[in-house]
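A.B. asks: Okay, structure incoming, though there's no sequence with it:
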């Protein structure tokens, strides 16, 4: 392999694939980035086994392709070197497994690994991918992923369930104490019903690479999904198992509907939780005639009471307890100014939604404190 | 105690003393901030035993002093509450050891501790303090502290040695592998020779509170020092023991003087160290006819060679090895564009100084690599 390439072009692409470089070093070759130089351009590929990221730099963006070839270069070193080199153009050439990186005033020799040792991830695509806006995918990830479980005891709950049926996408995440549901219309008409669970961790990595303006293709297989955008392929494994059926979980009637300012509610919960037990994070919320009062009373520390004026749809009053952190994360997922709380009683899960927009629903299960 | 005070005024002062609040919780009362409200104003005081910080809010800056008194309030909670309260004015009143903090829409009850349980740090001042610019003290701390030891095996080296004699201040820090010396003229004429060692950790905390424009008073005692600036007292213990005599350590003649651009040298050392063993961080530097070449060759990883053009005062050539991290920290302490390296041989400590300014000297002991 032998090429001349602009530092900026290489760095941008290295930064993409570096997100997949394995830092755990179980398999040495996965701590590297596979470079494959062909007549048409340069492929970079990295994987931590859970995800695979592959980018392509077209020959038009490479200053000179002198000799095709492929090799695995240690990820940490090549990234640091390219980032810190002050010159505009970098030469990279290989001699067996030796990699020589040169600029007019410096010379780096790195030890590479045979390209054939890098796992062969089949990144073939389907013929008719689903196409959505990157912006929509970012929203889905930001508005649901926090509700997914972080505990491996029920692996399926560490993923985000994504279903397509006709022209609707539904994303659901739950750790069984709370639930986030996001629905949106998609342009492409989906022929088959699709029902997959993507690891939350993969989607979090993916969202770091996305930009708001462009489209993204979803190529869905039995046990994996490939996202294609710009010159990048991003593959994630899928989780096996049955995701809980959420249709029975959303309450259909309520005893009380409260309308309140989103930021004010967030802020009083934030302040009330200052005095809560840091492990459990439980606070109380009481709806009285025209006020919403949050309280917390922690032995040793002290107690707090915060209040805001709210609107109600009837004269019912109610008192419930919940995890303040869960509530704050749910509230943070909304963009609007006003939200509704749809409450039943002190044990039934309650609903949070925007007053005008039904596309996002957050559900929280209260905590019994008596 | 009962007062009304502007949130911003209280928060600014709480942020100051919070730097001294003990987070290790050995003595419960030291996790608190002592409030002492007198006719003249409000004192706030906190300590982690190593340092004490006390601020004073004059009565002119307090909205209403209703009842004098004193109490210790849990530091973490009072700081979070005051920071997050959205109202402009806060009421604080005590009832025995209960603390009540109120705003128009909220009520916080905290459990306090008897003020008499807070250690009585005598913060009396001397009659004739030494006065210097805060800017100068910040420079001293930034330009020397990194060279102090972090290892408790020789406690005296974890401090910065400060000497005053007549109109000169000399600050020295060393971990025995490198040494930083900063000298500056002070306005006040010092009558007694002063020679103290202040813990680096205290000075690092102090530097976070300093602003560039104002003066600072140094009140020096046998076993402690009090810094006074604005409305703040900052006390630190002093370290006992004899600080190494550095006069014999600074080489007086050299075999080679190299003049080079500061940033270029820093950058090639930074890049060369990318391939160094992360624990030891050792790289080689060779001075040839008109070049300075840095190299590093690490088994498994690879090797690197970087070069810049330099000026020399004679035809001598030289090759030495050193800790790249030490060298980079030393180089970072200079503001100018060009520096001199004063070298003797591959084992003798070498000097780094600005080409024009002799007030700061950095010394580094080479590493033998053969």
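C.D. replies: Structure's in. What do you need? Please read these numbers as outputs of a predicted model, since none were measured by experiment. Numbering: from 1, shown residues only, chains lettered A, B, ... in the order given.
A.B. asks: And the helix-or-strand element of chain A with minimal mean pLDDT, what does it pack against?
C.D. replies: Taking mean pLDDT, DSSP states H and E as the measure, chain A has strand A:178-199 as its least confident helix or strand, at a mean of 90. Counting contacts by 3 or more C-beta pairs under 8 Å, 6 or more residues apart in numbering or on different chains; DSSP states H and E, strand A:178-199 is packed against strand A:130-133, helix A:134-144, strand A:159-174, strand A:232-237, helix A:324-332, strand A:360-364. C-betas here are computed from N, CA, C, even on glycine.
A.B. asks: Run me through the strand neighbours of that strand, direction for each.
C.D. replies: Note on strand A:178-199: by DSSP bridges, its sheet partners are strand A:159-174 (antiparallel), strand A:360-364 (antiparallel).
A.B. asks: between it and helix A:134-144, how big is the angle?
C.D. replies: For strand A:178-199 against helix A:134-144, the angle between stretch directions is 130 degrees (axes from the mean of the first three to the mean of the last three C-alpha atoms, to 10 degrees).
A.B. asks: and strand A:178-199, which residues are buried?
C.D. replies: For strand A:178-199, a neighbour-count test (16 or more other C-beta atoms under 10 Å in any protein chain shown) marks A:178, A:179, A:180, A:181, A:182, A:184, A:186, A:190, A:196, A:197, A:198, A:199 as buried.
A.B. asks: what's the spacing between it and its chain's center?
C.D. replies: Average the C-alpha atoms of strand A:178-199, do the same for its chain, and the two points are 15 Å apart (C-alpha atoms, centre = their mean, to the nearest Å).
A.B. asks: Stretch A:58-75 now?
C.D. replies: Worked out by C-alpha atoms, centre = their mean, stretch A:58-75 lies 31 Å from the chain centre.
A.B. asks: Wondering if it reaches chain B at all.
C.D. replies: Yes - legend: contact between stretch A:58-75 and chain B by C-beta under 8 Å from any C-beta of the partner chain is shown at residue A:74.
A.B. asks: and that stretch, how far apart are its ends?
C.D. replies: With C-alpha to C-alpha, to the nearest Å as the measure, the ends of stretch A:58-75 fall 21 Å from one another.
A.B. asks: buried sites along it?
C.D. replies: Of the residues in stretch A:58-75, those scored as buried under the neighbour-count criterion (16+ other C-beta under 10 Å) are A:61, A:62, A:65, A:70, A:71, A:72, A:73, A:74, A:75.
A.B. asks: repeat for stretch A:345-354
C.D. replies: Along stretch A:345-354, the positions that meet the burial threshold by neighbour count (16+ other C-beta under 10 Å) are A:346, A:349, A:350, A:351, A:352, A:353, A:354.
A.B. asks: what's the answer for stretch A:45-59, then?
C.D. replies: Along stretch A:45-59, these residues count as buried under the neighbour rule (16+ other C-beta under 10 Å): A:45, A:46, A:47, A:48, A:51, A:52, A:53, A:54, A:55, A:56, A:57.
A.B. asks: cool, stretch A:27-39 as well?
C.D. replies: Burial within stretch A:27-39, assessed by neighbour count using 16+ other C-beta under 10 Å, is assigned to A:29, A:30, A:31, A:32, A:33, A:34, A:35, A:36, A:37.
A.B. asks: just checking, the last one touches residue A:3?
C.D. replies: Yes - using C-beta atoms under 8 Å as the test, residue A:37 is close enough to residue A:3 to be in contact (5.7 Å).
A.B. asks: Between those two, which contacts overlap?
C.D. replies: Contact criterion C-beta atoms under 8 Å, 6 or more residues apart in numbering or on different chains; residues bridging residue A:37 and residue A:3 by contacting each: A:65, A:67.
A.B. asks: which residue sits closest to residue A:274 in space, ignoring its chain neighbours?
C.D. replies: What sits nearest to residue A:274 in space, not counting adjacent residues and going by C-beta to C-beta, 6 or more residues apart in numbering or on different chains, is residue B:80, at 4.8 Å.
A.B. asks: That neighbour is in what secondary structure piece?
C.D. replies: Element membership of residue B:80 [criterion: DSSP states H and E] is helix B:75-84.
A.B. asks: swap in residue A:307?
C.D. replies: Using DSSP H and E, the secondary-structure element containing residue A:307 is strand A:302-309.
A.B. asks: Residues touching that strand, excluding its own?
C.D. replies: Where contact means C-beta under 8 Å, 6+ apart, the residues beyond strand A:302-309 that reach it are A:260-261, A:264-265, A:268, A:271-272, A:274-275, A:290-297, B:77, B:99, B:105-111.
A.B. asks: For PyMOL, what selects the buried ones among these?
C.D. replies: The following PyMOL command selects only the buried members of those, with burial defined by 16+ other C-beta under 10 Å:
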select buried, (chain A and resi 260+264+265+268+271+272+274+275+292+293+294+295+296) or (chain B and resi 77+99+105+106+108+109+110+111)
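A.B. asks: In helices, which of the contacts of strand A:302-309 fall?
C.D. replies: Secondary-structure check on the contacts of strand A:302-309 using DSSP state H: residues within helices are A:264, A:265, A:268, A:271, A:272, B:77.
A.B. asks: distance of the third one from chain B?
C.D. replies: The reference is to residue A:268. Relative to chain B, residue A:268 is positioned 7 Å away (criterion: C-beta to the nearest C-beta, to the nearest Å).
A.B. asks: how about the residues of the stretch 151-300 of chain A that lie near chain B?
C.D. replies: That would be A:267, A:268, A:270, A:271, A:274, A:275, A:300, which are the residues of the stretch 151-300 of chain A within reach of chain B (C-beta under 8 Å from any C-beta).
A.B. asks: now do 6 Å
C.D. replies: Of all the residues in the stretch 151-300 of chain A, those in contact range of chain B (C-beta under 6 Å from any C-beta of the partner chain) are A:271, A:274.
A.B. asks: Where does pLDDT dip in the stretch 151-300 of chain A?
C.D. replies: Per-residue confidence of the stretch 151-300 of chain A (counting by pLDDT under 70) places no residue in a weak region.
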